[in-house]
Every structure is written in C-alpha cells, then in structure tokens.
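Asker: What follows is a predicted protein model with its sequence.
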Amino acid sequence: MKNIVCLLMILFAMTLFFQSCKKESPTEPTIQTITQSLKANQSYQFDLGTFCDEEGANSSKQANYFSISSIDRDINTGKGINKYIPATNFLGKDVVEIKSARGSNGTSAYNKIVYTTIKFTITN
C-alpha cells in the first residue's frame, strides 16, 4: 500500500513538472478585411490600436498608388495609425496589407498575429 501511494505521488509530481515546462503556443492568426471608398486626394487613417513595447505593426504589402502610405506610432498613447493618401488625382483600386503583433504581457514576446487588408476604391 505504501508503495502504491509513493508511486502515485511520483506520477502526480511528474505530471505537474511536464505541465509547467509546456511552452505556450501562438494562437492562429486573425485575418480582417476592410473595404474603404475614398474621393480622389482624400486621406484615410486606420487605428490599429495600442501596442506594448514588444509589439508592433508593419506593411506586409505596400500600396501601389499612394502619396503617403505609412504606419506611425503615437508615442503618447502607443496607438498604431495607418495613414494613406492616394497618389495625386489617382482613380481606381489600391490595397494595403498590415501585419501586427499582439498578446505581449510586458515580459514576454507577442503570441498573436493580426493580418489586416484594407481595400481602397478611389473615385471622383
């Protein structure tokens, strides 16, 4: 009986040990698509939300027809803002794809990726 109790305690301790060593895997990426109509030469801003220091965003596909297409971070709020202005007098379609990292707790790296596609239609 004493051997069985000892064996069960060893198995329980090993289970706890292996659970604590288990590395947390990243979650599946989130994909979102935004369709936006603009007038020629009209500016557009998309709020990417607040980022921690370990997180961030970048253009995974830059627009083709732009005078401004950038991702800037407001140092006061930590918000990421995608700014887009179509090329002067451009009419047609353009696309920006943004990859952003999320899920940092301040002491570890991010564990969530968000892909945002913004599809622009620029008209008169």
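Answerer: Nice, I can see it.

Asker: rest of the way, CA atoms for contacts and neighbours
Answerer: Noted.

Asker: and Asn3, which of the three is it?
Answerer: helix (DSSP: H, G, I helix; E, B strand; the rest coil).

Asker: so how many other residues sit close to it?
Answerer: Neighbours of Asn3 under the rule other CA atoms under 10 Å: 8.

Asker: cool, and Ile113?
Answerer: Neighbours around Ile113, by other CA under 10 Å: 19.

Asker: I'd assumed Asn58 was in contact with it.
Answerer: No - the pair Ile113 / Asn58 is not scored as a contact, 11.5 Å apart, by CA atoms under 8 Å.

Asker: Overlap in contacts, the two.
Answerer: Common contacts of Ile113 and Asn58, defined by CA atoms under 8 Å, 6 or more residues apart in numbering, comprise Lys99, Ser100.

Asker: Grab the most central residue of the chain for me.
Answerer: Nearest to the mean C-alpha position of the chain, by CA atoms, centre = their mean, lies Ser100 at 2.4 Å.

Asker: roughly how far apart are Ser69 and Tyr84?
Answerer: Noted for Ser69: a distance of 4 Å to Tyr84, by CA to CA, to the nearest Å.

Asker: ranges for the strands of this structure?
Answerer: For the chain, applying DSSP state E gives strands covering 30-39, 44-50, 56-61, 66-73, 79-86, 92-102, 112-123.
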